[in-house]
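The following block contains a protein sequence and its predicted model.
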Amino acid sequence: MSQVPSGYLADLRGRKACLVLRSGVWIFSWLIYCVGNSFGEFAIAEVLAGVAGSLISGANTALGFDTLLQLGREKFYPIWEGRLVAIAGISEAVCGIIGAAIAAINLVYPFYLQIICLIIYFCLALTLVEPSCHLPISKNKQLGQLKNIIIDVLKNPRLRWLFLLSGTFSSASFLIVWLSQDYLKQLNIPIQAFGWAWAIFHLGMSLASINAHRIESFLGIKKATFFLVVLLAVSYICLGSIARVWGIIFIMSIYLVRGLSSPLILNIINQQIASSVRATILSLNSLVFRISFALVAPLIGAIASRYDLFTGLIMAGFLFLISGWFCWWQLVKARAFLS
């Protein structure tokens, strides 16, 4: 729940300030990980890491979109968001391999390496420039304004269903991160190969995100989002139906959906909201994802425990098909798609 106040704080005090604060808190939390020797210290580090994670909620995307808006290049947002997802995917792929190798020497060393990366992040955050088109929320309406923003979002059918569709895609793509490891294990794939599989999945996601704007140009946003809903559901169902090594291609297809959906959905959401409340509304979108995952993950986990992993995957596929299609159809009726 801290994500919504943090997004509101970014709109009120500045997106750059939140990102700089976030990096500072994050560095401190990882330092505690490195030197801590008790559960209490670990718990403090986890709390601080959670606070740092919430401070980025909405602020980074809002800063990026409003910068493009000020430059008159907002139509290029899907391209830049796709590149951002790609860079994140490639970084995670490379770090997965390097981190595993370093952890084999000493489990603490990856934590020190992460601190170095966070220091670089902090320095980069200091160089950011707040776009002038960002008009801060009036400070004499603080809590009342936040309440009104939430009410306005709930009353807006386009935003409401966009959030739920985004939550469906995000929950599905996040769920596979946890289930894929068990899937590989049940296929008797050596644990040593997990790091390479992780890298390949994220490279595929990166390739998809870079080309998200091309998919939108070719199909149109309405057909593109429908295609992603179907591909996501079919991939889960096929993954649960095929207990063979080559079934891994369906894990890859889910990662492709992950790479494609983020630039497309975030672009539609950004087109619906004002600059002054962008970070707040984007943080609401993140909150919907967290709630969605908190509801879906235990359900699929319970099914997998009661029956088996493959049954859980099939049920997840049907669940995502129903929820994704219903949200997409509501968006069609609300005329949320421009093409």
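Yep, that arrived.

Spatially nearest residue to the one residue sitting closest to the centre of the chain (excluding sequence neighbours)?
By CA atoms, centre = their mean, the chain has its centre lying nearest to Ser170, at 6.1 Å. Closest residue in space to Ser170, ignoring its immediate chain neighbours: Phe289 at 4.1 Å, by CB to CB, 6 or more residues apart in numbering. Bear in mind the C-beta positions are built from the backbone N, C-alpha and C, glycine included.

need the contact list for the one you found.
Taking CB atoms under 8 Å, 6 or more residues apart in numbering, we find Phe289 in contact with 166-167, 170-171, 174.

Residue ranges in the stretch 151-300 of the chain under the pLDDT threshold?
Applying pLDDT under 70 to the stretch 151-300 of the chain flags the ranges 191-192.

what ranges do the strands span in it?
Per DSSP state E, counting those that start in this stretch, the stretch 151-300 of the chain carries no strands over any range.

distance of Ile116 from Ile189?
Distance, Ile116 to Ile189, using CB to CB, to the nearest Å: 32 Å.

More neighbours: the two, which one.
Ile189 (15 against 11; other CB atoms under 10 Å).

Count the residues that sit near the closest residue to Phe76 other than its chain neighbours.
Computed as CB to CB, 6+ apart, the closest residue to Phe76 that is not its neighbour in sequence is Leu68, at 6.3 Å. Using other CB under 10 Å, Leu68 is surrounded by 19 other residues.

Quickly find the element holding Leu68.
Counting by DSSP states H and E, the element that carries Leu68 is helix 59-70.

which helices and strands sit right next to that helix?
Judged by 3 or more CB pairs under 8 Å, 6 or more residues apart in numbering; DSSP states H and E, helix 59-70 is in contact with helix 3-13, helix 15-35, helix 77-105, helix 248-271, helix 278-306.

Export those to TSV and append columns for distance to Ala233.
Below are the helices and strands packed on helix 59-70 laid out as TSV (distance: least, CB to CB, whole Å):
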stretch	distance to Ala233
helix 3-13	27
helix 15-35	35
helix 77-105	21
helix 248-271	10
helix 278-306	13
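
And the ones you listed: which comes nearest Pro131?
Closest to Pro131 of the helices and strands packed on helix 59-70 is helix 15-35 (CB to CB; 8.6 Å).

And that closest one, what does it pack against?
Applying 3+ CB pairs under 8 Å, 6+ apart, one finds that helix 15-35 contacts helix 3-13, helix 39-55, helix 59-70, helix 109-126.

how does it look with 10 Å?
If you count contacts as 3 or more CB pairs under 10 Å, 6 or more residues apart in numbering; DSSP states H and E, helix 15-35 packs onto helix 3-13, helix 39-55, helix 59-70, helix 109-126, helix 278-306.

And stretch 283-294, what's buried?
If you call a residue buried by 16 or more other CB atoms under 10 Å, then stretch 283-294 has these buried ones: 283-290, 292-293.

Turn those into CSV, including distance to Gly64.
Putting the buried residues of stretch 283-294 into CSV (distance: CB to CB, whole Å) gives the following:
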residue, distance to Gly64
Ser283, 15
Leu284, 18
Asn285, 15
Ser286, 15
Leu287, 20
Val288, 20
Phe289, 19
Arg290, 21
Ser292, 24
Phe293, 24
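
my guess is Ser235 contacts Ile251, does it?
Yes - using CB atoms under 10 Å, Ser235 is in contact with Ile251, at 7.8 Å.

what touches both of these two?
Residues touching both Ser235 and Ile251 (CB atoms under 10 Å, 6 or more residues apart in numbering): Ile176.

These two: which has the busier surroundings?
Ser235 (25 against 22).

before we move on, back to that, in a markdown table: the helices and strands packed on helix 15-35, plus distance to Arg244.
Shown next, in a markdown table, are those (distance: least, CB to CB, whole Å):
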| stretch | distance to Arg244 |
| --- | --- |
| helix 3-13 | 40 |
| helix 39-55 | 37 |
| helix 59-70 | 39 |
| helix 109-126 | 33 |
| helix 278-306 | 19 |
